[in-house]
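Undergrad: Structure of the sequence below:
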Amino acid sequence: MDQLGYVKGASIQLTKDGLSKPALPQKNAYARLVQKHHSGRFRSYLNHIAQKIQLEESSLNDSNSDVEPSLKRGMMRDALARNGLTALSYSPIKTSQLEQPALVGFEKLNEEKSQVFANRRPHERDPSIGREGNLQVEEDYSVKQHGPATDLLKVSDALGGRVTQGTSLQKSSGSEEKDEEEVWKNKHKKRNKCPANLDRADEYLTDEQFSMDLPAANARKTSHLSSGQIQGESHAAVSTSGDRKNRNKPTRGRKKNVFEAYMSMEDVAAGLKRGELIQGPLRINPKKYHEAFIPSPDGIRDIFIDGVVARNRALNGDIVVVKLLPKEQWKVIKPDGSDKETEATHESDVPEELSGTCLPREPEKGDADSPDVIIEAQFDDNDAENGQENSQTVLADDIKKLSMDTNEKVKDAESGCAQGAKQEDVSKVNNPRLLQEKFLQRTAKVVCILERKHSRAATGFIKLLADKSSELFKKCAMFSPVDHRVPRAYVSLADCPPDFMSRPEDYSSTLFICRIVDWREDSNFAIGQMAKSLGQAGEIEPETEGILTEYGVDFSDFSRDVLECLPQSLPWVIPPAELANRRDLRKECIFTIDPSTARDLDDALSCKQLPDGNVEVGVHIADVSYFVLEGTALDQVASGRATSVYLVQKVIPMLPRLLCEELCSLNPMKDRLTFSVMWKMTPEGKILDEWFGRTVICSCVKLSYDHAQSMIENPSKVFEPEELPPVSPQHTVDEIHQAVLNLHQIAKHLRKQRFIDGALRLDQLKLSFTLDKESGMPQGCYIYQYRDSNKLVEEFMLLANMAVAHQIYRSFPQQALLRRHPPPQTKMLNDLMEFCDQMGLEIDFSSAGALHKSLNETFGADSYAEARKEVLTNMFSRPMQMALYFCAGVLEDETLFRHYALNVPLYTHFTSPIRRFADILVHRLLSASLGSGRPVQMRKEAIQKQADHCNDRKMASKRVQELSADLFFAIFVRECGPLESEAMVMGVLNKAFDVLVLRFGVQKRIYCNALPLTGVRFEKVGKKPELTLLWEPETPEQEAAPQVITIFTLVEVVLTSDSGPLKYSAVLKRPGREK
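TA: As a prediction, this is how the structure comes out:
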C-alpha cells in the first residue's frame, strides 16, 4: 500500500533484484481504516487479518511440506522483519499505539504470493550488514557473576538461551501482563472475534501476509538488519497479549537473534579510520525511550538511532560506535517543525559559569494515546511527551498535513496540478532519496560499545512472571526499572524476599536496586542481579539512595587506608617549616561569604586600601593539595569521586569530613593553608599587578550571603556586633563592612566590562526548600534569589580562574588542565531563531554577548515582561552545550579552547578544590609553575583521561542534584498541595500545552482532555499556534466560555498530587476564578 492508501496490484514478478514494480494501484477500503486507526472498525479489521493469517499459515504448511520447518519459520519471520513487523504486531491490544509503518505494511492477500514466497531464498543476508565480529569489545565490562545470577544464566542456557519471546520491550504501565491479556480476551470473546491462534502468537507468520515491495517511506522505518534479525519497531509500539503470555515459552527450532553481534575492535578501528563509522556518547530520550541520539561530527544535527534494536543494548551515556543507515532510511524532518523535538536529549546542559542554578524537570508521564503533534517551542526531548510515536514514516492523513505545510510556500504554483501529480509530489516530500539533506536527519545503528559509562544499576519494582506454567516462573521474577531507558530484567527468585512468591502484592510498592549483569543477543530482556531492597517508593531516603546508585555516586564510608592519609594527631597545627615557606596573611582582613548552611568553606576574599588610592584584592583558596598527595589512597578515592554531590538534604563529600569541614575549610579564627591570587587594582577594576603564591590566612568572620547583602543595601548603617556572626577581635565590623562595599563596587565594574566584552548569563529559576529539623520533610519552598552579594563573589572567582588558566597554560602548554565551552548546537539554535522570528521577537543570536543583550534589554520591567524573560531564558538554555575539562596538549586548534558563555580564550577551575578534583589538579599545576611544588609527573594522555572522568562525574552530579530537587518538590506537592501559581505558556500543541510554573520554576504539560471542556480548536494565526478552549458552562443558563491559549499567555494553574508516589500534574484553572 502506498502512502495514500492504495493497494498495489496482485501480480508481482520476480526479478534478479527481488520483485518487479507493481501494477497500477487500485483503491481499497483499508486506506479509510488506516486514517481512522483509533476506531473500533480498525481493531475489528485486525482481528479479521489475524484469523486469515492462521488460515494462510495452514495453507503454507500444506503447500510447502517439503520445506524444512525451521527454514519455513525463518522465512515467515524474515518477511515480517523486512516490513517493520513482528509476529505479534497484528494483535488488537492497544491498536492506537501500533507503529504506523506496521499499519502501512498490510496489503490485500492474494493467491499468487504463495508461489512467489516458495521460490524466495530465505537466508539471503542484507548486503549492507557488516560482518558479525566477536565480542572482544565486551572485555572491558566484566561483572563478577556469582550466586543466583549465575544460576539464572544457567537456566537461560538450559533453555537454549530462550528467555524471552517476541520483540516488544514496552513497559507495562499498571496492571499485570496476565490481567491485561485476560481482559482483552474476554472483551473480544463476546464479539466472537478473538483470534483462534492467540495462545500461539509467537509462531512465525508466512511471507504471504505482507507486501515485500513497500514504498520508500516504509523502507526508512525498517531497521537495516539481516534477515535473521527481528525488527525492533514494536519496541516502541505495543506489548501485545500474545507477546505477554508467551514471552517465557521456548520456540521451536533455533532461537533468532534480536540484536546484532558487536563488531570486533579491529573492524571498529578500521571503520573509524576510514570514516565509515562514527563514535560518540549515546543519549536516550527519557520520555520516549525508543529514541536515541549521538552528536554528529559536523555539530549540526544529531544522528538519530531509532528503536531498541538499533540501539543494540547500549544504555544512556555509553560511548558507542554507529554505522549510518542508507539514505532512504533517514528521517524526514517535517517543515512545520513538528519534529524539532527529536533533536537533543540533554537533560540539563547549562554550564555553571553560564548559570549557577538548575531547573527541576517535569517527571515522566506517559500518555501514549494522546495524538498531540508538537508545533512550536519544543526544543528539548525532555518535553517530548506526546502520543505521536514520531516515526520516520507517516500515515495518509499525516502526509496530507505535511503536504499542506510544504505547499504553503508553493501552493500558487501547484494549484493547477492534477490529482495524480499531487500524489506524486506527496511521495517526493516523504522520500528521503528525493529530498535535500537539510530536510533529513541521518539515522544509524549501534555496532559497538566502546565504553560502558552507564552504571548498569537501576531502581525499580519486581513482580511474578505472567506465565505460571513456564520453566522460568519457578526460578526468576521480572524486574521493571523506574527509568524506562533501562531494560527490564530477569532476576533470580533466590535474591527476592523469601515470601515474595506467596505474597507478591506486599512488595508492589517496594523499591529495589538491580544491576544488569548480562544482555544477550537473542533476548529482549537483560539478566539482572538484585542488589538491595531500598524501602517504600515515594519516601525520601529510599528514593535518594536509588538516585545515587543509578548514577554511580559513591556514598560509602571512606576506608581505613584513606583515613590513614589524614593527619593523625589532632588538633592539627601548621608545621613551622611550612609557615616559613608561605606568605603570612593572618593579620589581614580576610573573610568568607557563603550560604548560611555551608560547612566546606573553600574560598575567602580580602580588599585592602592602598596609600596611592588603589586597592589590593585577594582571592584565597583552601590549599587542599597540601593534604591530598599524589599517588596516595586519598588521592585515588578523590579522583574517583571527582566531585561532591549536593542533594537537597545533605552532601555526599568528595573528601573525608575532617578535611572538608575542618582542616581545609576556611573557618573563622583558624589558621589555614591557602593558595592566593592577589591583584593591585584601580577602584574601577583595572588590573595593575598580579601575584600567585602559597599563603596562610586566618579568616576574621564567616559571612552569609544575607549578611553581605545587608551591608551592600545599607552602606551607611553602623552594624552592631550581635547582627553579625562572631568577628575576630583583631578587626572591626566597620572594617569588614567597608571591605565588602569596596569589593561590591569593583565587582560591578568587572561585571559591566565582562558583558560589554561579550559574556552571556542565563539565570534559570532555582527551587530551594525549607526542611523540618526532625523529620527532614519539606515544609516550604521558594525561588532562590540571585542578588548582588552572589554577584560579588562570582566576579572574583571568575577572575581568579581566568588568571590561573593563563598562568598554567604559559608554564605547561601541553599539560594544562583547562575548561572550554563549545558554542550552541547549530540546528537547535537555528530552530530557536526560527521560533523567535515566528513570534515577532527581535533576538540577536550572532554571539553570546549579542544574545545576552537582547535578552536583558529588549523587554520591559513589568511582571509580564519578567515572566516572558524567564520562559525565553529557559528556551535559550536548551541549545547550550556542556562546558568540558580538557588537557591543552590534546587539542591542536587553540580556537577550540574558548569558553562561549564567558567569551574568553582560556578558563579553568581553581576556586573549589574541596568539592572538585579538577581544581586539585590545577593547584598542583599552579604550584609547579611557581617552583614551589613537585614537577608535573602526569602525561597529557593521563590528564585528559582524568578530565574525561571529571566531566562524566560532574554531569552525573548535576543530574542527581536535579532529581533530588524533583523528589522533594513532588513530596511537597503531595504533603502540602494542591498548590496554585501563575504560569506562562511556553509551547502549544494541538491538544495540550506546556507551561512554566512561575512560583516554583517547574515545567508542566496541561492536557485538554483533563479539563471540563466542550471543545478544543487548534489553528495557526499567521505563524503562531493558537489553541481555543471551550469551557463547559457551570450552570445551564451559561454559554461555553472560550479561552485562547498561545505562547506567552499568562494562566493560573493548580498542581495536585497524582496516584503514583511521586507523580503530580498541573490543571488549568477556569477563567474568571483567578484570585
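
Undergrad: do you know how far Val628 is from Ile278?
TA: Note on Val628: its distance to Ile278, by CB to CB, to the nearest Å, is 38 Å. For the C-beta atoms, the positions are set from N, CA and C on the backbone; glycine is no exception.

Undergrad: of the two, who's got more company?
TA: Neighbours were counted for Val628 and for Ile278 using other CB atoms under 10 Å; Val628 has more, 25 against 19.

Undergrad: Grab the longest helix from the chain for me.
TA: helix 940-976 (DSSP state H).

Undergrad: Check which residues of that helix are buried.
TA: The neighbour-count check on helix 940-976 (16 or more other CB atoms under 10 Å) flags 940, 943-944, 946-974 as buried.

Undergrad: I'd like the next helix or strand past that helix.
TA: Downstream of helix 940-976, the next assigned helix or strand under DSSP states H and E is strand 979-988.

Undergrad: Give me the mean pLDDT for that next one.
TA: The average pLDDT within strand 979-988 is 94.

Undergrad: Just after it, pick out the following helix or strand.
TA: Next helix or strand after strand 979-988 toward the C-terminus (DSSP H and E): strand 992-997.

Undergrad: angle of that next one against strand 979-988?
TA: Here strand 992-997 runs at an angle of 130 degrees relative to strand 979-988 (axes from the mean of the first three to the mean of the last three CA atoms, to 10 degrees).

Undergrad: Report the next helix or strand after strand 992-997 in sequence order.
TA: As assigned by DSSP H and E, the chain's next helix or strand after strand 992-997 is strand 1002-1007.

Undergrad: could you dump that next one to CSV, C-alpha only?
TA: What follows is strand 1002-1007, C-alpha atoms only, in CSV (Å, rounded to 0.1, in the frame of the first residue of the first chain):
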residue,chain,number,x,y,z
VAL,A,1002,8.9,23.8,37.2
GLN,A,1003,7.7,22.9,33.7
LYS,A,1004,4.4,21.0,33.2
ARG,A,1005,2.2,19.9,30.4
ILE,A,1006,-1.5,20.6,30.7
TYR,A,1007,-3.7,18.1,28.8
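
Undergrad: Quick one: list the elements packing against it.
TA: Here strand 1002-1007 touches strand 992-997, strand 1050-1057, strand 1064-1068, going by 3 or more CB pairs under 8 Å, 6 or more residues apart in numbering; DSSP states H and E.

Undergrad: tell me the most buried of those strands?
TA: Ranked by mean neighbour count under mean count of other CB atoms under 10 Å, the helices and strands packed on strand 1002-1007 are led by strand 992-997, which reaches a mean of 25.

Undergrad: Output that one as PDB, nothing but the C-alphas.
TA: Output in PDB follows, covering the C-alpha atoms of strand 992-997 (Å, rounded to 0.1, in the frame of the first residue of the first chain):
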ATOM      1  CA  ALA A 992      -2.100  20.200  25.100                       C
ATOM      2  CA  PHE A 993       0.200  23.000  26.000                       C
ATOM      3  CA  ASP A 994       3.300  23.400  28.200                       C
ATOM      4  CA  VAL A 995       3.700  26.000  30.900                       C
ATOM      5  CA  LEU A 996       6.500  27.300  33.100                       C
ATOM      6  CA  VAL A 997       5.000  27.500  36.700                       C
END
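
Undergrad: partners of it, with directions?
TA: In the sheet, strand 992-997 lines up against strand 979-988 (antiparallel), strand 1002-1007 (antiparallel) (DSSP bridges).

Undergrad: Tabulate the ones you listed (CSV), appending mean neighbour count and distance to Gly1072.
TA: Formatted as CSV, the strands paired with strand 992-997 follow (neighbours: other CB atoms under 10 Å; distance: least, CB to CB, whole Å):
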stretch, mean neighbour count, distance to Gly1072
strand 979-988, 21, 15
strand 1002-1007, 22, 17
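
Undergrad: can you list those in CSV and add distance to Lys608?
TA: Putting those into CSV (distance: least, CB to CB, whole Å) gives the following:
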stretch, distance to Lys608
strand 979-988, 47
strand 1002-1007, 45
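
Undergrad: Looking at those, which is nearest to Gly685?
TA: In terms of CB to CB, the element of those nearest to Gly685 is strand 979-988, at 36.7 Å.

Undergrad: relative to strand 1064-1068, how tilted is the closest one?
TA: Taking the same axes, to 10 degrees, one finds strand 979-988 and strand 1064-1068 inclined to each other by 80 degrees.

Undergrad: need the helices for the stretch 551-700 of the chain, in chain order.
TA: Per DSSP state H, counting those that start in this stretch, the stretch 551-700 of the chain carries helices over the ranges 560-563, 576-580, 633-641, 657.

Undergrad: does Cys781 sit in a helix, a strand or a coil?
TA: Here Cys781 is strand, with the state taken from DSSP: H, G, I helix; E, B strand; the rest coil.

Undergrad: Run through the residues that contact it.
TA: Taking CB atoms under 8 Å, 6 or more residues apart in numbering, we find Cys781 in contact with Leu767, Ser768, Phe769, Thr770, Phe968, Phe969, Phe972, Phe1000.

Undergrad: same check, this time on Pro824
TA: Counting by CB under 8 Å, 6+ apart, Pro824 touches Pro879, Met880, Gln881, Tyr900.

Undergrad: just Val1051 next, same as before
TA: Glu982, Ala983, Met984, Val985, Val995, Ile1045, Leu1068, Lys1069.

Undergrad: which residue sits closest to the fifth one in space, ignoring its chain neighbours?
TA: What sits nearest to Val995 in space, not counting adjacent residues and going by CB to CB, 6 or more residues apart in numbering, is Ala983, at 3.9 Å.
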